[in-house]
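1. Any chance you can model this:
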Amino acid sequence: MIIAVDGPTASGKGTIAKALAAHYGLPHLDTGLLYRAVGLHTITHGGDPDSEADAIKGCAFPDELLTHPELRTEAVGGLASRVSRHPSVRAALLERQQTFAAQPGGAVLDGRDIGTVIAPGADAKLFVTGGLEVRAARRLAEMHGRGLVATLDEIVADLTARDSRDSGRDTAPLARAADAALLDTSDLTIEDAVRQAIALVDAQLGGLR
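-> Down below sits the predicted model:
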């Protein structure tokens, strides 16, 4: 059983994907961490995230980098959006993601192209979204909770740029799969969003469970 969860930054897709994995007893992969690792590895070694040649070298990151605390920072999130525009980077990480999805029993994956590219045949698909201002406020609260300094205007500008890059890239752009259920979390608590996500997935799974 494969569950694909897509959506823009700070929509709540990661939290929902983790909750779905726990509910259905499946392993979970935050595919965005792979791109964050590529971005961080690229600049750590003096490369330019906007250079495809440099970014593809960043795909050789060591597995232990996936647990590095810096991966969760806003700066590295921006790097991930930049390296993910390169077709060769997406191709390099494709097999890794598809192998995770195809493991016995299935998995839950969240990202931006899971339901359209990584696992188009997923048993259930969600596209999680939310208003820009709501997403920015959430991200700002998260950053302040980690002791980081930022303003709402800065976060709005950053998310706007990321949304544009993610949706406008030529290869595997952020897009809702035709058969993905839409979940707008703008006015939902975490608990309500998770409950609705489970209901939407159950409806798609039908007789599979």
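
2. Name the next helix or strand downstream of the helix or strand hosting residue 98, please.
-> Using DSSP states H and E, residue 98 sits in helix 87-101. For helix 87-101, the following helix or strand on the C-terminal side (DSSP H and E) is strand 107-111.

3. picking up where we left off before, need the residues that contact the helix holding residue 98.
-> With contacts defined as Cβ atoms under 8 Å, 6 or more residues apart in numbering, helix 87-101 is touched by 2, 27, 29, 31, 34-35, 38, 52, 55-56, 58-59, 83-84, 107, 109, 111, 113-114, 117-119, 122, 170-172. Placement of C-beta: from N, CA and C, glycine included.

4. what's the answer for stretch 138-149, then?
-> Under the criterion Cβ under 8 Å, 6+ apart, residues 9, 10, 12, 72, 73, 74, 130, 150, 151, 152, 155, 159 lie in contact with stretch 138-149.

5. ok, and what's touching stretch 76-84?
-> Stretch 76-84 is contacted from outside by 9, 32, 35-36, 38-40, 42-43, 49-50, 55, 58, 70, 89-90, 112, 158, 161-162, 165-166, 169, using Cβ under 8 Å, 6+ apart.

6. How about the contacts made by the residue nearest the centre of the chain?
-> Closest residue to the average C-alpha location of the chain: residue 111 at 2.8 Å, with Cα atoms, centre = their mean. Listed by Cβ under 8 Å, 6+ apart, the contact set of residue 111 reads 5, 6, 30, 31, 32, 97, 118.

7. Phi, psi for residue 187 please.
-> Note on residue 187: its backbone torsions stand at phi -110, psi 20 [degrees, to the nearest 10].

8. Provide a list of residues in contact with it.
-> Contacts for residue 187 (Cβ under 8 Å, 6+ apart) come out as none.

9. circling back: list the ones among the contacts of helix 87-101 that fall in strands.
-> Among the contacts of helix 87-101, the members falling in strands (DSSP state E) are 2, 29, 107, 109, 111.

10. Give the buried subset of these as a PyMOL selection command.
-> This is the PyMOL syntax for the buried subset of the ones in strands among the contacts of helix 87-101, where burial follows 16 or more other Cβ atoms under 10 Å:
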select buried, resi 2+29+107+109+111
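
11. could you dump the ones in strands among the contacts of helix 87-101 to CSV with distance to residue 180 and pLDDT?
-> Listed next are the ones in strands among the contacts of helix 87-101 as CSV, based on distance: Cβ to Cβ, whole Å; pLDDT from 0 to 100:
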residue, distance to residue 180, pLDDT
2, 13, 97
29, 18, 94
107, 17, 97
109, 13, 98
111, 13, 94
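
12. ok, of the ones in strands among the contacts of helix 87-101, which one's closest to residue 134?
-> Distance to residue 134, by Cβ to Cβ, is smallest for residue 111 among these, at 20.5 Å.
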